[in-house]
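[1] give me a 3D structure for the following:
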Amino acid sequence: MTDIGTKNRLRTSLNIDKDIIKSIKIIAINRNSTQTEIINEYLKKGLEAEEDKNKIPEYLIANKENYNPDKERKKKMAGIIKVKKSFDAVELINSSRRGEQ
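    Numbers count the residues shown, from 1 in each chain. Got it, this is the predicted structure:
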């Protein structure tokens, strides 16, 4: 496994079960790697699996040709609309559903 580098790293303290640490040590020795690299790899895999769980199943997407779950694109679009006066978006949607203007 390649070293991620120190730029994106954050030193932190965690309380991890002894049995898990023993397993991580064994894996690191067998792979000729470090415990940090093994922990980062497993955490990354776990986070990716969690993201997969939260994806919308393809059969539920009505507009497949336009659907773009790109997180970076969503971040760029956040706050794109500027209004003079603040409003309650939930109330606006509910009043629209009731046919009010």
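
[2] where does the prediction get shaky in the protein?
    For the chain, the stretches flagged by pLDDT under 70 are 1-6, 54, 79-80, 101.

[3] which strand or helix spans the residue nearest the centre of it?
    For the chain, the residue nearest the mean C-alpha position is residue 51 (5.9 Å; Cα atoms, centre = their mean). Using DSSP states H and E, residue 51 falls within helix 35-53.

[4] and residue 18, its phi and psi?
    Backbone torsions of residue 18, given as degrees, to the nearest 10, read phi -60, psi -40.

[5] what's the burial count for it?
    Close neighbours of residue 18, defined as other Cβ atoms under 10 Å, add up to 7. All C-beta spots, glycine's among them, are computed from the backbone N, C-alpha and C.

[6] okay, buried residues for stretch 37-56 please.
    37, 38, 39 (16 or more other Cβ atoms under 10 Å).

[7] dump stretch 15-34 to CSV, restricted to CA.
    Output of stretch 15-34 as CSV, limited to C-alpha atoms (Å, rounded to 0.1, in the frame of the first residue of the first chain):
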residue,chain,number,x,y,z
ASN,A,15,-10.3,3.7,22.0
ILE,A,16,-10.1,0.5,20.0
ASP,A,17,-10.7,-3.0,21.3
LYS,A,18,-7.6,-5.0,22.1
ASP,A,19,-8.7,-7.9,19.8
ILE,A,20,-9.1,-5.5,16.9
ILE,A,21,-5.7,-4.0,17.4
LYS,A,22,-4.1,-7.5,17.6
SER,A,23,-5.8,-8.3,14.3
ILE,A,24,-4.6,-5.1,12.7
LYS,A,25,-1.0,-5.7,13.9
ILE,A,26,-1.1,-9.2,12.3
ILE,A,27,-2.5,-7.9,9.0
ALA,A,28,0.1,-5.1,8.9
ILE,A,29,2.9,-7.6,9.5
ASN,A,30,1.7,-10.0,6.9
ARG,A,31,1.3,-7.2,4.3
ASN,A,32,4.6,-5.5,5.3
SER,A,33,2.6,-2.4,6.0
THR,A,34,1.8,-0.1,8.9
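
[8] please consider this matter closed, and thank you.
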